[in-house]
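Undergrad: for reference, the sequence and a predicted model appear below.
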2 protein chains.
Amino acid sequence: MTDSRLQRLKDAAPQLRLSTDAADLEHYGRDWTRRWTPAPLAIALPASLEEVQAIVRWANQEAVAVVPSGGRTGLSGGAVAANGELVLSLERMNRVLDFDSVDRTLTVQAGIPLEAVHNAAREHGLVYPVDFAARGSCSIGGNIATNAGGIRVIRYGNTREWIAGLTVVTGEGEVLRLNRGLIKNSSGYDLRQLMIGSEGTLGIVVEATLRLTDPPPPTNVMLLALPSFESLMQVFAAFRERLTLEAFEFFTDRALHHVLAHGAQKPFDEVHPFYVVTEFAVGFDAREAAAMAAFEFCMEQGLVSDGVISQSDAQAAQLWRLREGITESLAKYRPYKNDVSVRISAMPAFLAETQALLGREYPHFDVVWFGHIGDGNLHINVLKPDDTGDAEFVSQCEQVTKLLSQALEGHGGSISAEHGIGLVKKAYLLGTRSAEEVALMRGIKRVLDPNGLMNPGKLFDT
Amino acid sequence: MTDSRLQRLKDAAPQLRLSTDAADLEHYGRDWTRRWTPAPLAIALPASLEEVQAIVRWANQEAVAVVPSGGRTGLSGGAVAANGELVLSLERMNRVLDFDSVDRTLTVQAGIPLEAVHNAAREHGLVYPVDFAARGSCSIGGNIATNAGGIRVIRYGNTREWIAGLTVVTGEGEVLRLNRGLIKNSSGYDLRQLMIGSEGTLGIVVEATLRLTDPPPPTNVMLLALPSFESLMQVFAAFRERLTLEAFEFFTDRALHHVLAHGAQKPFDEVHPFYVVTEFAVGFDAREAAAMAAFEFCMEQGLVSDGVISQSDAQAAQLWRLREGITESLAKYRPYKNDVSVRISAMPAFLAETQALLGREYPHFDVVWFGHIGDGNLHINVLKPDDTGDAEFVSQCEQVTKLLSQALEGHGGSISAEHGIGLVKKAYLLGTRSAEEVALMRGIKRVLDPNGLMNPGKLFDT
């Protein structure tokens, strides 16, 4: 730690934990993308709001860029530090600060893992309903930075809808206490909403007040096998009309292939092109009957080829594993990930165009589809063949992402539904947001971060 | 129409309907506040996005301020034009542009009245759940400008949560198509959310894509008479725990006095200090039983003195009238309106402090309370005595608002829950938002409206 800038940081915040250990630089300098070589200046692990503020003020004095860092489970490179930045890890700021039973809010430090939030809510008989597979590792601050979605959006919306208040340190080191837990507050621009989804480029989320809600009613889980994508949209319509859906997730036979190879249990004897895992409220007879009626209607119409309904929590978990295990089962293939969205109504036309595009461009690659039909969100994972080098593989994939981005533009879609733009999708931002919008974003960044030190180069170049 | 600036506007947009008629200047120059003398330059009534854009470009060339105008039912002076501004009324842009049954969205022009939105949704078997008493006159554009709340927030949230897309003309005349109906879109700053609640100071909302939802389950309405405010909070807790609440509204004996004098039907023989109108889901036996159990529990505990439950839609409407008729019944007294919010948990302490404050400061004024307990939102209406002049009355009330604003600051509350800041609450903004936040808001306004022509002087001075 001979860098004089770091010495001055030590002087400014004597208790601050700092590391320049090579293993730490590598560990904290990257996220779940593996495309960039970590090269941060140092890792700071503040323990308080005051230490975060001191770091940001120091960064402005020294003109050092700051990369805010949560669980680094991101898939867009938003937490990558490859250019001598200071990584500001919130991992030591992981406590529950307050629970209020009347407000039904939980106030937490930004570094707390999502799963710890779930557990804290449950201890009080309530739930924080945003959920996805990285729950054990990701932090709530990172969830806020990307407006994380996940598997319950169809019922509960994105992270954005569950944030009642944020404590933020801006790019100049000012502390803002935004919205402070209020339900109704029409007093000017909602800077809280501006921070949500800003990927650390406007400042650092240090604390959050989360809305909690009642536990969902008892649910059952159903796994369906479907003959075609057209039937998928019709099954979704039939189920949405008859049931209160908590989740409606689809995946393809290729996805099932990989998750079975990774150890999951085969659900049906035959192979089908599409599968759906859906969870829906039961708990009284009419609802149970509605679920069976939806299933029978779809079978009669030839929209569903086979199905199984959970008879126990254990079986429900087993069915969920077929969907939730996909990402992990693909990890060893170093997949190139697309996370795109369109309006639900645009899904069939977009999917037809995309299938043709991928069939034409990727004849030699294994492409695995899954996603959240009820949210218009598709995950398209392209697996790297063993005989293709990393750089060549990414380069080939990026050619196709350009075409995909054009298709999305035609259908009014987004190049990032829930992963964020980060470094990975930056080149495609103009397919989703207009030049005027991006110019306004740059202008807004200059207001909150005039020296351009907050996660620079992520989202857009400044 | 001899003003050369208006002639150049005519040249730029030959089909644009423009008026300088004295009656129009007065009609379009004010909102439901009656404190400012309307003095606009002219009224423009565009019929298309292109005409709105032409107006804003002209305004930049001529340095004329623009006041966007919807139903002008606002209570904060946000739509007042008292300084030679051009009023840009959206009233001719009041059509439904599109309904999509798969996306469950309704795309409308900003000038459409809220009630017309409700009717259009219902025609398709769905609902747009934001609702309040001004529904027949207010426009969706105005609802968006103030992030309007109303009587169903406890169940459905504010306007913000129902906006899937916005078409906006910025202060420089650029057209932005924000979010375009997507459910999931993590592609940078959510400018849609920034526009919502910005009171026309960043640009003009021209079109909106609204999310719709399933109709609520069958509901009943209950009117409760309560002995004290302490019991009110406990009754709320008991009902929220046992029922799915669609609304939970309270009012005082003074409010009931005025609404009865205005023609509503007396619900109970005796007088009680507080009343609640609550609406909750029924539709199957367990829910009916839960409602009766909640009521009986509260009676046994002495939290409720009397009650009546609707036996028909007509009776439900009658009970609702006791709450919804209040504002109209007070109108002739030219009330000074406070629209404040705190966290629900802060309500008892804040209310005790406020009651003491108002009793001390307003011994001679009739003060009528009502509001949305489940949202932490109180409406405090101070009625003007006949023998007090307008200016003197406002001046006295503003003294008290200063004290109220200080009390709110102590309890972390907001000077405007749902009416907006406009002109009326501008002097108190710094009690709710920090100086740093207001400075950032000013900076953001300069990005979207560099010449400061969009509704200037509203929300804050630039």
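TA: Cool, the structure landed.

Undergrad: ok, residue A:87 - contacts?
TA: A:28, A:29, A:40, A:42, A:43, A:44, A:66, A:67, A:69, A:81 (C-beta atoms under 8 Å, 6 or more residues apart in numbering or on different chains). C-beta: built from backbone N, CA, C; applies to glycine.

Undergrad: so how many other residues sit close to residue A:312?
TA: The local packing of residue A:312 (other C-beta atoms under 10 Å in any protein chain shown) involves 8 other residues.

Undergrad: ok, now which ones touch it?
TA: Residue A:312 neighbours (C-beta under 8 Å, 6+ apart): none.

Undergrad: domain-wise, how is chain A divided?
TA: Listed by automatic domain parsing, the domain ranges of chain A are A:4-92, A:96-211, A:219-327, A:334-437.

Undergrad: give me the below-cutoff pLDDT ranges for chain A.
TA: Per-residue confidence for chain A (pLDDT under 70) gives these ranges: A:1.

Undergrad: how much space between residue A:225 and chain B?
TA: 23 Å (C-beta to the nearest C-beta, to the nearest Å).

Undergrad: can you point out the buried residues in the helix or strand encompassing that residue?
TA: In the assignment (DSSP states H and E), residue A:225 maps to strand A:219-226. Using 16 or more other C-beta atoms under 10 Å in any protein chain shown as the test for burial, strand A:219-226 gives A:219, A:220, A:221, A:222, A:223, A:224, A:225, A:226.

Undergrad: can you check stretch A:79-87 too?
TA: Those would be A:79, A:80, A:81, A:82, A:85, A:86, A:87, for stretch A:79-87 by 16+ other C-beta under 10 Å.

Undergrad: check the gap between residue A:44 and chain B for me.
TA: From residue A:44 to chain B the distance is 23 Å (C-beta to the nearest C-beta).

Undergrad: what of residue A:404?
TA: Applying C-beta to the nearest C-beta to residue A:404 and chain B gives a distance of 14 Å.

Undergrad: tell me if I'm right that that residue and residue A:354 touch.
TA: Yes - shown here, residue A:404 and residue A:354 form a contact pair, counting by C-beta atoms under 8 Å, at 6.6 Å.

Undergrad: give me the subset of the contacts of residue A:87 lying in strands.
TA: A:42, A:43, A:44, A:66, A:67, A:69 (DSSP state E).

Undergrad: which single one of the residues you listed is nearest to residue B:194?
TA: Among the ones in strands among the contacts of residue A:87, residue A:66 lies closest to residue B:194 (C-beta to C-beta), at 23.6 Å.

Undergrad: returning to what we had before: by neighbours, which of the ones in strands among the contacts of residue A:87 wins?
TA: residue A:69 (33 neighbours).

Undergrad: bridging residues for it?
TA: Beta-bridge partners of residue A:69, counted by DSSP bridges, are residue A:89.

Undergrad: smallest distance to chain B belongs to which residue of the stretch 201-350 of chain A?
TA: residue A:345 (3.9 Å; C-beta to the nearest C-beta).

Undergrad: who touches that residue in this structure?
TA: B:100, B:102, B:103.

Undergrad: taking the residues you listed one by one, which sit in strands?
TA: residue B:100.

Undergrad: near chain A, from the contacts of residue A:345?
TA: B:100, B:102, B:103 (C-beta under 8 Å from any C-beta of the partner chain).

Undergrad: highest neighbour count among those?
TA: Ranking those using other C-beta under 10 Å puts residue B:103 first, with 23 neighbours.

Undergrad: residue contacts, that one?
TA: A:343, A:344, A:345, B:164, B:181.

Undergrad: how about the helix or strand where residue A:287 lies: buried residues?
TA: For residue A:287, the host element (DSSP H and E) is helix A:285-300. Using 16+ other C-beta under 10 Å as the test for burial, helix A:285-300 gives A:287, A:290, A:291, A:294, A:295, A:297, A:298.

Undergrad: same list (the residues you listed) but as JSON lines, adding distance to residue B:154.
TA: Listed next are those as JSON lines, based on distance: C-beta to C-beta, whole Å:
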{"residue": "A:287", "distance to residue B:154": "24"}
{"residue": "A:290", "distance to residue B:154": "27"}
{"residue": "A:291", "distance to residue B:154": "29"}
{"residue": "A:294", "distance to residue B:154": "30"}
{"residue": "A:295", "distance to residue B:154": "34"}
{"residue": "A:297", "distance to residue B:154": "35"}
{"residue": "A:298", "distance to residue B:154": "36"}
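
Undergrad: before we move on, back to that, please convert the ones in strands among the contacts of residue A:87 to a markdown table, extending it with distance to residue A:193.
TA: Shown next, in a markdown table, are these (distance: C-beta to C-beta, whole Å):
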| residue | distance to residue A:193 |
| --- | --- |
| A:42 | 32 |
| A:43 | 30 |
| A:44 | 28 |
| A:66 | 22 |
| A:67 | 23 |
| A:69 | 23 |
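
Undergrad: what is the nearest of these to residue B:62?
TA: residue A:66 (43.9 Å).

Undergrad: was I right to think the closest one contacts residue A:57?
TA: No - look at residue A:66 against residue A:57 with C-beta under 8 Å: they stay out of range, at 10.9 Å.

Undergrad: torsion angles phi and psi at residue A:455?
TA: Backbone geometry at residue A:455, expressed as degrees, to the nearest 10, gives phi 50, psi 50.

Undergrad: what sits against residue A:263?
TA: Per C-beta under 8 Å, 6+ apart, neighbours of residue A:263: residue A:325.

Undergrad: get me the contact residues on the stretch 101-250 of chain A for chain B.
TA: Residues of the stretch 101-250 of chain A lying near chain B (C-beta under 8 Å from any C-beta): A:102-103, A:105, A:146-149, A:153, A:157-158, A:160-161, A:170, A:174-178, A:180-191, A:193-194, A:196-199, A:202, A:233, A:237.

Undergrad: just the buried ones from these?
TA: A:102-103, A:105, A:146-149, A:153, A:157-158, A:160-161, A:170, A:174-178, A:180-191, A:193-194, A:196-199, A:202, A:233.

Undergrad: which of the residues you listed fall within strands?
TA: Going by DSSP E, the strands hold A:105, A:170, A:175, A:176, A:177, A:178 from those.

Undergrad: would you confirm that the second one contacts residue A:449?
TA: This means residue A:170. Yes - Residue A:170 lies in contact with residue A:449 (C-beta under 8 Å); the separation is 7.0 Å.

Undergrad: re earlier: who does the strand holding residue A:225 pair up with?
TA: Going by DSSP bridges, the partners of strand A:219-226 are strand A:274-281 (antiparallel), strand A:306-309 (antiparallel).

Undergrad: tell me which of the ones you listed is the most buried.
TA: Comparing the strands paired with strand A:219-226 by mean neighbour count (mean count of other C-beta atoms under 10 Å in any protein chain shown), strand A:274-281 comes out on top with a mean of 25.

Undergrad: now that one: how far from the chain's centre is it?
TA: 20 Å (C-alpha atoms, centre = their mean, to the nearest Å).

Undergrad: now stretch A:179-190
TA: On C-alpha atoms, centre = their mean, the centre of stretch A:179-190 falls 25 Å from the chain's centre.

Undergrad: gap between the two ends of it?
TA: 8 Å (C-alpha to C-alpha, to the nearest Å).

Undergrad: for the residue nearest to residue A:132 when sequence neighbours are not counted, phi and psi?
TA: For residue A:132, ignoring the flanking residues on the chain, the nearest one in space by C-beta to C-beta, 6 or more residues apart in numbering or on different chains is residue A:150 at 3.1 Å. When read as degrees, to the nearest 10, the backbone of residue A:150 gives phi 110, psi -160.

Undergrad: what about residue A:150, neighbour count?
TA: There are 24 residues near residue A:150, going by other C-beta under 10 Å.

Undergrad: hmm, back to that, can you add distance to residue B:365 and give the domains of chain A back as CSV?
TA: Putting the domains of chain A into CSV (distance: least, C-beta to C-beta, whole Å) gives the following:
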stretch, distance to residue B:365
domain A:4-92, 43
domain A:96-211, 25
domain A:219-327, 49
domain A:334-437, 49
